[in-house]
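1. Structure of the sequence below:
(4 chains)
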2 protein chains.
Amino acid sequence: MESTTGYLRIGELSRRVGVPPELLRAWESRYGLLSPARSRGGFRLYSDEDVRRIAVMRSHLASGLSAAEAARLALASPAPPAAPGIDLEATTGELRDALDRFDDVRANSALDRLLAAFGEETVLAEVVLPYLHELGDRWETGAASIAQEHFASNVVRGRLAGLARGWGQGIGPRALLACAPGELHDLALVVFGLAVRARGWRVTYLGPDTPLDTLADTADALRPTLVVVTATVRARFRAIRDELRRLGERTRLAVAGAGATGELARAVGALHLAGDPISEAERVAREVLP
Amino acid sequence: MESTTGYLRIGELSRRVGVPPELLRAWESRYGLLSPARSRGGFRLYSDEDVRRIAVMRSHLASGLSAAEAARLALASPAPPAAPGIDLEATTGELRDALDRFDDVRANSALDRLLAAFGEETVLAEVVLPYLHELGDRWETGAASIAQEHFASNVVRGRLAGLARGWGQGIGPRALLACAPGELHDLALVVFGLAVRARGWRVTYLGPDTPLDTLADTADALRPTLVVVTATVRARFRAIRDELRRLGERTRLAVAGAGATGELARAVGALHLAGDPISEAERVAREVLP
DNA sequence: TCCTCCTTGTCGAGAGTTTGTAGAAGGTAC
DNA sequence: GTACCTTCTACAAACTCTCGACAAGGAGGA
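-> Numbering: from 1, shown residues only, chains lettered A, B, ... in the order given. Below you'll find the predicted structure:
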């Protein structure tokens, strides 16, 4: 959850609430009153919720309660914005239904509610990715028309594009993302981009059907930490095997999508991203260092 | 004398905002607070947006936040509130430049300012469409790489997708939009959709590479007032001529894009949208009644 | 009353992080 | 040629971390 007022370090929090830093740390370790996030270096980062708890704690202390009791009450006091009671299953069902009926308004509204209640990562992992898979399956079995698939893809793509705004910004390692020549399915790649973005990377996105030579030129120009190429069928990779190998010699490369195999990855000197986009983003963020 | 709307070098910026150059560079490299353009020789060239970000950064620092946190908030802070004195030419130039340099942040910021100052219709007509044409030309003459074209298309598409939110909503006549089988260029079609939307129509969008039979089924299900099919080359239309004619018998049909000809339109019983997307949307809104 | 145990606020040592600033070596603009 | 700019590296001050210790005050028992 993103705070609008920003995270405070312990010194500034102490000044604002009038409680010495040592005591704030003591209240945290003894009663679990606060659960600040941490900076990469380990500094405590407090949110508005922590400020509120401290206020409650102090008011109970002032009325004569012991510290332990005051902390217990502060912890039990209502989390103010009261977690919205929206049901993931039901709302996902509504999304599905709306997309099937070409109702972009209701679909977007369902996505809005899901995003607000569960956050980007959860919605991507629990709703968008399963839906994309399901859509593929239904299309193969003829249960969904191509029109439905197109319509739904476009709505989802529009939404993801909104989430992706500014994903090239920042100072983290850069990922350069592209679909293999001929490959048009890019939604999972966008999800991967959003997931590495959430882990501090920058993303440069070239999208569907990107020729390998121009990808290589771009890699030379931007010097990304990782280049990711995806395809849904093996033939797409087979056609560009040699070029991929040359690219893999010059830059850190990963292949992904149903068309990627471990054998291919080994042959071209690439990482094989075989799992779902979010797990693989997690892995990349953990293992691939600049 | 440097112009107010032009670029500033780091010394001049430093004097204006009262922050030493070393610190400006540190904020850029540590937090990605600024993303200045560069001169040919590598000098940083700052825009008004950078000045604004520094002001936000300083105000947060003054309120006691850490530098990292202040920078995070400054980056997340909304783009400037529609300066009426903004220069269309200059900002369009900045957009172009940003897209050429794979800088999605600056591109989106330029688009923000343009949209706020001139409105959707003007920006589509005066900026987006000319840019798309130019990109096509530059690509043909080899002045732009395919990667640049892909990158720019994706940024623009993302932005248009945001504008398109909810375009299926309402009670007006409905337009069903699709690209012919094999056709992947859909940006002009999206612009057309936005333009008819602005004239009170509802839009259902199926996007690139839509098979004719599924388009026909969808038309039967939704009973739109107008179905629009586009292609950039004639062969795409030739391949589906008979199906188009059958579709034209059942519903009001229009063909558009560089691949559409008056002869084709007559032969399949369709309207020929030959002009730019916005003029044609204007015409459709005027002439095609439910 | 004295003693012990517990709670609670405070303090310090030693190590690590964050951030503003500075210098070296070299390139750009006019 | 001069003023200005680049990147890279380094550094010190301010801040925060953890861990351990300690004293004041209160509760309960002998």
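
2. List the buried residues for stretch A:67-81?
-> Going by neighbour count (16 or more other Cβ atoms under 10 Å in any protein chain shown), the buried part of stretch A:67-81 is A:A67, A:A70, A:A71, A:R72, A:A74, A:L75. Placement of C-beta: from N, CA and C, glycine included.

3. Count the neighbours of the residue of chain A found nearest DNA strand C for me.
-> Nearest residue of chain A to DNA strand C (Cβ to the nearest atom of the strand) works out as A:G41 at 1.8 Å. When neighbours are defined as other Cβ atoms under 10 Å in any protein chain shown, A:G41 has 6 of them.

4. wait, isn't A:A285 in contact with A:R199?
-> Yes: using Cβ atoms under 8 Å, A:A285 is in contact with A:R199, at 3.8 Å.

5. Tell me which of these two has more neighbours.
-> When neighbours are counted by other Cβ under 10 Å, A:A285 and A:R199 differ, and A:A285 comes out ahead with 18 against 14.

6. That one: what's it in contact with?
-> Shown in contact with A:A285 (Cβ atoms under 8 Å, 6 or more residues apart in numbering or on different chains): A:V196, A:R199, A:G200, A:W201.

7. measure it to B:R72 for me?
-> Distance, A:A285 to B:R72, by Cβ to Cβ, to the nearest Å: 18 Å.

8. ok, now A:A164?
-> Going from A:A164 to B:R72 by Cβ to Cβ gives 18 Å.

9. name the helices or strands packed onto whatever helix or strand A:D217 lives in?
-> Assigned by DSSP states H and E, A:D217 belongs to helix A:212-222. Packing contacts for helix A:212-222, counted by 3 or more Cβ pairs under 8 Å, 6 or more residues apart in numbering or on different chains; DSSP states H and E, involve strand A:174-179, strand A:202-207, strand A:226-230, helix A:241-250, helix B:146-163.

10. Point out the one among the ones you listed that comes closest to A:D104.
-> Nearest to A:D104, of all the helices and strands packed on helix A:212-222, is helix B:146-163, at 10.8 Å by Cβ to Cβ.

11. any residues touching that closest one, and which ones?
-> Helix B:146-163 has contacts (Cβ under 8 Å, 6+ apart) with A:154, A:157-159, A:161-162, A:164-165, A:178, A:204-208, A:210-211, A:214-215, A:217-218, B:99-100, B:102, B:104, B:107-108, B:111, B:120, B:128, B:131-132, B:135, B:138-139, B:187, B:190-191, B:194.

12. Emit the PyMOL select command for whichever of these are buried.
-> To isolate the buried members of the contacts of helix B:146-163 in PyMOL, using 16+ other Cβ under 10 Å:
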select buried, (chain A and resi 154+157+158+159+161+162+164+165+178+204+205+206+207+208+210+211+214+215+218) or (chain B and resi 99+100+102+104+107+108+111+120+128+131+132+135+187+190+191+194)
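
13. near DNA strand C, from the contacts of helix B:146-163?
-> For DNA strand C, no contacts are drawn from those by Cβ under 7 Å from any atom of the strand.

14. among the buried residues of stretch A:67-81, which are in helices?
-> The members of the buried residues of stretch A:67-81 that map onto helices under DSSP state H are A:A67, A:A70, A:A71, A:R72, A:A74, A:L75.

15. which one is the last one nearest to, not counting chain neighbours?
-> Counting by Cβ to Cβ, 6 or more residues apart in numbering or on different chains, the nearest residue to A:L75 once its immediate chain neighbours are dropped is A:L33, at 6.5 Å.

16. So that neighbour sits against A:A74, correct?
-> Yes: between A:L33 and A:A74 there is a contact under Cβ under 8 Å: 6.1 Å.

17. Now list whatever residues contact both of the two.
-> A:R53, A:I54, A:M57.

18. neighbour-wise, which of the residues you listed leads?
-> A:M57 (25 neighbours).

19. Let me see the contact set for it.
-> Applying Cβ under 8 Å, 6+ apart to A:M57 gives the contacts A:W27, A:L33, A:A70, A:A71, A:A74.

20. Let me know the secondary structure of it.
-> At A:M57, secondary structure determined by DSSP: H, G, I helix; E, B strand; the rest coil is helix.

21. Which residues of chain A lie near DNA strand C?
-> So chain A meets DNA strand C at A:20, A:22-23, A:26-27, A:30, A:39-43, A:61, A:66-69 (Cβ under 7 Å from any atom of the strand).

22. now, among the contacts of A:M57, which is nearest to chain B?
-> A:W27 (20.6 Å; Cβ to the nearest Cβ).

23. excluding its backbone neighbours, what's nearest that closest one?
-> The shortest distance from A:W27 to any non-neighbouring residue, by Cβ to Cβ, 6+ apart, is to A:L33 (4.3 Å).

24. since we're on that neighbour, how many residues are nearby?
-> 21.

25. gap between it and A:E49?
-> A:L33 is 11 Å from A:E49, by Cβ to Cβ.

26. same thing with A:H272?
-> As judged by Cβ to Cβ, A:H272 and A:E49 stand 41 Å apart.

27. A:D137 too?
-> Distance from A:D137 to A:E49, counting by Cβ to Cβ: 42 Å.

28. sec struct for A:I171, please.
-> Secondary structure state of A:I171, per three-state DSSP, is coil.
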